[in-house]
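S.K.: quick one: sequence plus predicted model below, questions after.
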Amino acid sequence: MTGFPARTSCLSTGVYFHSGFRTLLLAAALCCALGGSRQAAAERKQPAATPAPDVLVLSNGDVLHGKFISEVGGKVTFHCDPLGDITLGWNKIRELHASQKFALLNKNVKPGRIKDAGSIPLGTFDVVNQTVTLHPAASAAPVRRLPVTDAQFIVDEATLNKQVNHAPGFFSGWNGAATAGAALVSATQNQYTVSGGIRLVRTVPTVSWLERRNRTSADFSGSFGKITRPGYYSAGTYVPEVATKSAISHLDAERDEYFSPRFFALAQTAFDHNFGQELNLQQIYGGGIGWTALKTQKQEVDVKGSIQYEKQKFINGAAGTDKNLVGSTFSVNYAAHWKRMTYTQGIAYIPAFNQSVAYSANERNSFAFPAYKSLSFSMGTADSYLNNPPVSLPPTMRNSFQFTMGLTYAIKSKY
């Protein structure tokens with residue numbers, strides 16, 4: 001009997017030992033499981049491996065590592081961190097190796113609509129000995145080779161998808177320029193003049209390597225000034241202050257829908273005010289067709305014709321001087337972009353069919369010379385002719401001409 005408690009005590013100790021051992025095993029297994037899950041989660045959270053940099057070998061043997069951006073019309077854009085974006089012609093490049101997927105568009109395969117996007121080859125590419133070799137993503141697709149002179153455009157897959165299958169929102173995709181100028185004189189006469197304008201254009205798609213589907217433009221320009229001669233006394237008689245005012249403003253908007261690469265239907269509106277011509281407001285609402293007569297990378301000429309309703313309201317005009325007209329606008333717009341200058345010109349003739357004397361015409365020219373980054377020095381002229389101003393004293397001139405100078409800020413879309 002005296003040994004029984006000892007055995008019981010020994011047996012109890014063994015039970016506790018095995019129970020503790022099992023607990024340790026369970027804890028270890030749980031730690032391993034948690035550690036494995038944490039490791040798996042950490043592996044899942046790790047970013048994808050950074051792709052190898054693209055390699056550009058210049059014709060003189062220098063090697064650049066970075067990222068190929070695009071090739072448009074024989075101009076290759078390559079990003080290198082120390083140098084930023086550089087643009088080179090194919091004749092300056094000995095080799096080029098890109099590791100990402102790109103779309104290759106030759107001079108015979110240029111997509112215009114969404115249905116054509118599926119025919120564009122995608123894959124990595126190499127350029128050696130002035131020959132582009134495209135390695136398609138699909139293993140069954142054949143390797144494509146063509147001279148660099150036939151490779152009109154090379155763009156990345158994301159850009160291709162965005163431009164072909166999507167459209168920019170209303171507040172994105174706009175390009176244009178804003179201009180401002182001013183003059184102030186304080187002497188026997190006080191004078192001030194302010195002028196400015198803004199022009200915005202959005203073309204969809206926003207790249208040159210796809211055919212246009214639509215184009216939206218808006219344009220505002222204005223010139224406002226005042227010359228004041230203070231009042232004074234002469235021989236005891238007060239001569240009152242004399243003020244001469246000038247105000248010319250123009251606003252227009254247009255929407256073009258392309259039904260072929262060069263022909264489009266258009267809807268337009270325009271508003272004009274000219275204090276010097278007694279014109280309070282001229283309103284135009286119309287629609288018609290247009291033709292792109294010339295289109296290159298540097299120049300473009302558009303010829304347009306429309307049928308419209310036009311309303312003229314004059315300042316201090318006698319009864320019957322306000323006009324409700326049915327007419328047309330025939331216009332030619334020219335734009336040229338050179339390295340050291342941008343030039344635009346617009347000429348419009350506006351006849352009225354129901355009152356032949358109520359016609360008008362205008363011409364606008366602008367020159368912009370690059371100064372610093374997005375700033376340019378600009379000069380412009382605006383010539384407006386109105387054939388039917390109301391009779392007034394002093395007589396109202398039919399022609400109005402203005403010359404402006406100022407600074408222009410380029411508005412560039414990041415879409």
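M.R.: Yep, it's here. Since this is a predicted model, take the numbers as computed values, not measurements.

S.K.: can you list the domains in this structure?
M.R.: Here the domain assignment for the chain is 54-165, 175-411, based on automatic domain parsing.

S.K.: make TSV from the ones you listed and add mean pLDDT and mean neighbour count to it.
M.R.: Where you see a C-beta, it was placed from the backbone N, CA and C, and this is true even at glycine. Output for those, formatted as TSV (pLDDT from 0 to 100; neighbours: other C-beta atoms under 10 Å):
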stretch	mean pLDDT	mean neighbour count
domain 54-165	84	16
domain 175-411	91	16
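
S.K.: excluding chain neighbours, what is closest to Leu281?
M.R.: Excluding the flanking residues, the one nearest Leu281 by C-beta to C-beta, 6 or more residues apart in numbering is Lys313, at 5.0 Å.

S.K.: and that neighbour, how far from Ala336?
M.R.: To Ala336, Lys313 is 36 Å away according to C-beta to C-beta, to the nearest Å.

S.K.: rewinding a little: now name the helix or strand holding the residue nearest to Leu281.
M.R.: strand 299-314 (DSSP states H and E).

S.K.: dump that strand to PDB, restricted to CA.
M.R.: Output of strand 299-314 as PDB, limited to C-alpha atoms (Å, rounded to 0.1, in the frame of the first residue of the first chain):
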ATOM      1  CA  GLN A 299       1.200  71.600 -92.000                       C
ATOM      2  CA  GLU A 300      -2.600  71.300 -92.300                       C
ATOM      3  CA  VAL A 301      -5.200  73.100 -94.400                       C
ATOM      4  CA  ASP A 302      -8.900  72.800 -93.800                       C
ATOM      5  CA  VAL A 303     -11.600  74.100 -96.200                       C
ATOM      6  CA  LYS A 304     -15.100  74.400 -94.900                       C
ATOM      7  CA  GLY A 305     -18.600  75.500 -96.000                       C
ATOM      8  CA  SER A 306     -21.800  75.800 -94.000                       C
ATOM      9  CA  ILE A 307     -25.400  76.900 -94.000                       C
ATOM     10  CA  GLN A 308     -26.400  79.000 -91.100                       C
ATOM     11  CA  TYR A 309     -28.800  81.400 -89.200                       C
ATOM     12  CA  GLU A 310     -27.300  84.700 -88.400                       C
ATOM     13  CA  LYS A 311     -28.500  87.500 -86.200                       C
ATOM     14  CA  GLN A 312     -27.000  91.000 -86.000                       C
ATOM     15  CA  LYS A 313     -27.800  93.500 -83.200                       C
ATOM     16  CA  PHE A 314     -26.200  97.000 -83.300                       C
END
